[in-house]
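**Q** Sequence first, then the predicted structure, then my questions.
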Amino acid sequence: MTTTEFGIVYAVHIITSHFGSVASKVCECLLRRGPLSSREISRLAESDINHTKVKDILYLLIQHNCVQAFSIEPPDGSESKATVQYIALFSNILHRARYNKFSKVVNEELGSQCSGVLDGLLSNGRLTLEQLIDRDRDSKKQMGSEAIRDSLQKLVAARFVERVPSPEPVLGNKDEGPAQKKRGAKASKIFKEPESLDERILEAATPVDAIRFPFIFEQGSSSTVADDDSNISEGKRKQPEVDYTSGPSNEVIWRPNFEELIRRLRHKACVEMVKERRDEGCANVMKAMLEVGRSQEKKAKTDKSVQMSMGSIYEELIKTDAGREMTQERVEACLEQLSATSSYLPAFVIESDGSYIVDFKSIISVAQKDEMESVVMRRYGKEAFRMFRYLSQEDRFVETDKIADAALTEKKDTPQILLKMWKDGYLHMQKLAVTGVYMPFLLWKVNKLVVSRQMLDEMYHASLNLSLRLTHETDSEKELLLLPMEKLEGALKERRNKYRAKSVLLTSARFKLDDAIMLFHDF
Amino acid sequence: MSKRKRPEPKSSSSGINEDEKNILGLIRSKQGMGATTYEMRTATKIQPTLITRAVASLKKSSLIKEVPNMNNKGIKHFLAVEFQPCKELTGGDWYIDGALDVSKIEGLKEICVRILERLKSKVVTLDVIYSYFEKASSDGDKLSREQTREILKNLVLDNVVMEVKSNGLTDFSATRIGEICYKLTGKKSGGGEARDGAFALVPCGACPHIGLCTPDGVISPTTCVYFQKWLDF
């Protein structure tokens, strides 16, 4: 999905808050114009930023995983050198607003020491083990180098932390020769959507799993699976001007693995959805299924899990206290419930010859539908809500009067309500001219992809608004906040308490809204 | 000697002229749909002014009535008095005098919800709910099976009621496999309620002017009245 307007504005706002306005101008240039070289950024950025400054900012943004460098192999026979270009990593920029969620995931799974190490990587972007140990020495609550090393090992084993990707992967030329287009009969049936440039770059930059998550993590120089050309990826590598993959003593540089962190949040959201729509028992079974299938998920946004047997699900389930209270019969009943389809809820699990598959797409679609319908209800009212639900179910163009009949709304009011939703991008409209009829018929439809994109843009906008409002409230009480709390009395104390309550409301609203953003963008 | 009163003219049909007879015949043939003046002109070839005169006379004699077309308000239909206007003209079962009878619909929905609440531990089919309306004491409260289904479908669109297909097992053993049954959604039914969206809970989610809002504009998060109200607690 290409980035929406307010997606860009929101991402730029995050960069401004964390790195200042000059960095945000560089970032905005990349987000709006796509891949650019440093010289092009210097020329095109909103205010003139000299080339050296641009390079410094790019290094900063790369350090914090917001930008990735790459180059494209020049055509065969060409003597021109490949120019290094940069792309902004939109998703990673948005992740900056949810670091505390990532921290919580790791804290729950691996404990506070591991989440402490992860926090170091999140706030610094990328660090070597040595740098993590140095950071710990300067902190108030020291963990000790052994604990740091141990925690890092656990984080890598759980894939919450990864080796940094290749600094400047080289992409092959896009055109393939005619001979390569010959495909077997089977291959022609497997349609793979063409990859975007971003996807190609990230794929080329990502090392193979064995290098990305080194299994052997020995002491001394080997903790340090040194980074050299032969190890990294199967693709080509170019020696960068500045080597970002290894630290001063050729140590591995580590960074948070956002893919795995998002996967965990996605799984959590799925379990929560099952708990709300089914019950606690089904949620426990779902949790076990997600655990069984997790290591085999190829990407975070996968549609379906791998097949798993009842036995493997039960084996995983009884590892937890709640799971141990469930009999096999109860688990079978839950699986049957999860596999059932009604007009109210689709199946969350697909049963096939005694094996079970989690249907992520189905679970996420229910959550997305809840979000969409809630907005329609709050913004346009009950009648619009009925019409929207009717059109979503029909999933085709329907004429105005038919909608009025189905939704039992006044025929003369129905067109206005539909037009309001259409103007805001929540409905598709088509005119149908019929011979002999003076006024054309109006046909309406809900296009879920278009509505999702529209909602996502509005959610970025809302999240930006919540952040700006909090800044405004804080600025308004700047002087009051400088006074120590214990010295305040009467009206001042009340004002201070009110500010605190507003701050909590705005922050928690933004926190929950971010879950909805992940639902539409990351999950 | 008293004068004998001239006898009153017989039933109106015998007092109408040829044009009126033809027009009345056409209107009667159209039954519940009636005829428009355009249709009268085309079918009878009578001149428009004569048609207007004839229609006025038939109306005065209470042989025909005028019914507006709810789907096309500019066009009038003329029906013979013995026929009721069909759904296409009135707008449907739920229209009265050309307007949707919202209070009646809401009242019927409320009754269905109460029935489902009372029977929440049982499996409730369309027939169960229809039987309540079939036995209603006054004609005004009676509903046909189709009308009952329409009310339930409307409750489904309201997300107050859900349709569940019977699988013929356990609770559904008394129902046919595949038969649609009805259940309340929400806390009253014991679970399955749709969550309130996170976006809908912030002012921007409900805002009709979000398209006009910009960080530094006239409508902005710092000047927004909805934000002000939301934070005014």
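**A** Great, that's in hand.
**Q** ok, the residue nearest in space to the middle of chain B - contacts?
**A** Nearest to the centroid of the C-alpha atoms of chain B, with distances taken as CA atoms, centre = their mean, sits residue B:94, at 2.6 Å. Listed by CB atoms under 8 Å, 6 or more residues apart in numbering or on different chains, the contact partners of residue B:94 are A:408, B:100-101, B:104-105, B:150. Where C-beta positions appear, they are placed from N, C-alpha and C, glycine not excepted.
**Q** From chain B, how far out is the nearest residue to residue A:396 once chain neighbours are set aside?
**A** For residue A:396, ignoring the flanking residues on the chain, the nearest one in space by CB to CB, 6 or more residues apart in numbering or on different chains is residue A:445 at 6.3 Å. Distance, residue A:445 to chain B, by CB to the nearest CB, to the nearest Å: 16 Å.
**Q** Identify the residues contacting residue A:445.
**A** Residues touching residue A:445, when contacts are defined by CB under 8 Å, 6+ apart, comprise A:391, A:394-398, A:427-430.
**Q** can you do 7 Å?
**A** Applying CB atoms under 7 Å, 6 or more residues apart in numbering or on different chains, we find residue A:445 in contact with A:391, A:396-397, A:427-428.
**Q** still on that earlier bit, by neighbour count, which of the contacts of residue B:94 wins?
**A** Neighbour counts for these were taken using other CB atoms under 10 Å in any protein chain shown; the highest belongs to residue A:408, with 23 neighbours.
**Q** Can you tell me how far it is from residue A:167?
**A** As defined by CB to CB, to the nearest Å, residue A:408 lies at a distance of 62 Å from residue A:167.
**Q** Spell out which residues of the stretch 151-300 of chain A are next to chain B.
**A** Contact residues of the stretch 151-300 of chain A with respect to chain B, defined by CB under 7 Å from any CB of the partner chain, are listed as A:276-277, A:279.
**Q** Mind picking the two most distant members of the contacts of residue A:445?
**A** Considering CB to CB, no two members of those lie farther apart than A:396 and A:427, which are separated by 12.8 Å.
**Q** neighbour count winner among the two?
**A** A side-by-side neighbour count of residue A:396 and residue A:427, using other CB under 10 Å, places residue A:427 first with 23 against 10.
**Q** residues touching the more buried one, list them.
**A** Under the criterion of CB under 7 Å, 6+ apart, the contact partners of residue A:427 comprise A:418, A:421, A:444-446.
**Q** try it again with 6 Å
**A** Residues counted as contacts of residue A:427 (CB atoms under 6 Å, 6 or more residues apart in numbering or on different chains) are A:421, A:444.
**Q** Next, give phi and psi for it.
**A** Geometry field for residue A:427 lists phi and psi as phi -130, psi 150, criterion degrees, to the nearest 10.
**Q** Return the distance of residue A:134 relative to chain B.
**A** When distance is defined by CB to the nearest CB, residue A:134 is 40 Å away from chain B.
**Q** Surely that residue forms part of a helix?
**A** Yes: inclusion of residue A:134 in a helix is indicated when DSSP: H, G, I helix; E, B strand; the rest coil is applied.
**Q** and it, how many neighbours?
**A** Taking other CB under 10 Å as the definition, residue A:134 ends up with a neighbour count of 13.
**Q** Equivalent analysis for residue A:34, please.
**A** Under the neighbour criterion other CB under 10 Å, residue A:34 is assigned a count of 12.
**Q** How about the one 3 residues further on?
**A** With neighbours defined by other CB under 10 Å, the count for residue A:37 comes to 15.
**Q** go on, residue A:114?
**A** When neighbours are defined as other CB under 10 Å, residue A:114 has 23 of them.
**Q** quick one: secondary structure of it?
**A** Classification of residue A:114 by three-state DSSP places it in helix.
**Q** now the one 5 residues further on
**A** Under the three-state scheme (three-state DSSP), residue A:119 adopts helix.
**Q** Next, the residue nearest to residue A:91 when sequence neighbours are not counted: phi, psi?
**A** With sequence-adjacent residues excluded and distances taken as CB to CB, 6+ apart, residue A:91 is closest to residue A:522, at 6.8 Å. With angles defined as degrees, to the nearest 10, residue A:522 sits at phi -100, psi -30.
**Q** And for residue A:304?
**A** The phi/psi pair for residue A:304 (degrees, to the nearest 10) is phi -140, psi 150.
**Q** Tell me how many other residues surround whichever residue of chain B sits closest to chain A.
**A** Using CB to the nearest CB, the single residue of chain B nearest to chain A is residue B:197, 3.1 Å away. Under the neighbour criterion other CB under 10 Å, residue B:197 is assigned a count of 27.
**Q** Let me know the pLDDT of residue 51.
**A** Since no chain was named, I'll use chain A. We note a pLDDT of 89 for residue A:51 in this prediction.
**Q** wait, I meant chain B there
**A** If you check residue B:51, the pLDDT there is 89.
**Q** what about the closest residue to it other than its chain neighbours, which helix or strand?
**A** Closest residue to residue B:51 apart from its sequence neighbours, by CB to CB, 6+ apart: residue B:40 at 5.2 Å. Element membership for residue B:40, per DSSP states H and E: helix B:37-44.
**Q** Summarise which helices and strands the very next helix or strand once past that helix is packed against.
**A** Going down the chain from helix B:37-44, the next helix or strand is helix B:48-60, by DSSP H and E. If contacts are counted by 3 or more CB pairs under 6 Å, 6 or more residues apart in numbering or on different chains; DSSP states H and E, helix B:48-60 sits against helix B:18-29.
**Q** redo that, cut-off 7 Å
**A** helix B:18-29, helix B:37-44 (3 or more CB pairs under 7 Å, 6 or more residues apart in numbering or on different chains; DSSP states H and E).
**Q** Out of those, the one nearest residue A:457 is which?
**A** Across those, the minimum distance to residue A:457, taken as CB to CB, is reached by helix B:37-44, at 49.4 Å.
**Q** before we move on, the earlier item: the residue nearest to the centre of chain B and residue B:102: what is the separation?
**A** When distances are taken as CB to CB, residue B:94 and residue B:102 turn out to be 9 Å apart.
**Q** now residue B:95
**A** Distance, residue B:95 to residue B:102, by CB to CB: 11 Å.
**Q** higher neighbour count, the two?
**A** When residue B:95 is set against residue B:102 and neighbours are counted by other CB under 10 Å, the residue ahead is residue B:95, at 17 against 13.
**Q** and the more buried one, backbone torsions?
**A** When quoted as degrees, to the nearest 10, the phi and psi of residue B:95 stand at phi -100, psi 140.
**Q** Residue A:42 and residue A:54 touch, don't they?
**A** Yes: taking contact to mean CB atoms under 7 Å, the distance of 4.7 Å between residue A:42 and residue A:54 places them in contact.
**Q** More neighbours: which of those two?
**A** For residue A:42 versus residue A:54, neighbours defined as other CB under 10 Å are more numerous around residue A:54 (24 against 19).
**Q** what sits against residue A:448?
**A** Taking CB under 7 Å, 6+ apart as the test, residue A:448 contacts no residue whatsoever.
**Q** Could you rerun that using 8 Å?
**A** For residue A:448, the contacting residues are residue A:392, taking CB under 8 Å, 6+ apart as the criterion.
**Q** ok, now residue A:502?
**A** Residue A:502 makes contacts with A:473, B:231, as judged by CB under 8 Å, 6+ apart.
**Q** for it, helix, strand, or coil?
**A** Using three-state DSSP as the criterion, the local structure at residue A:502 reads helix.
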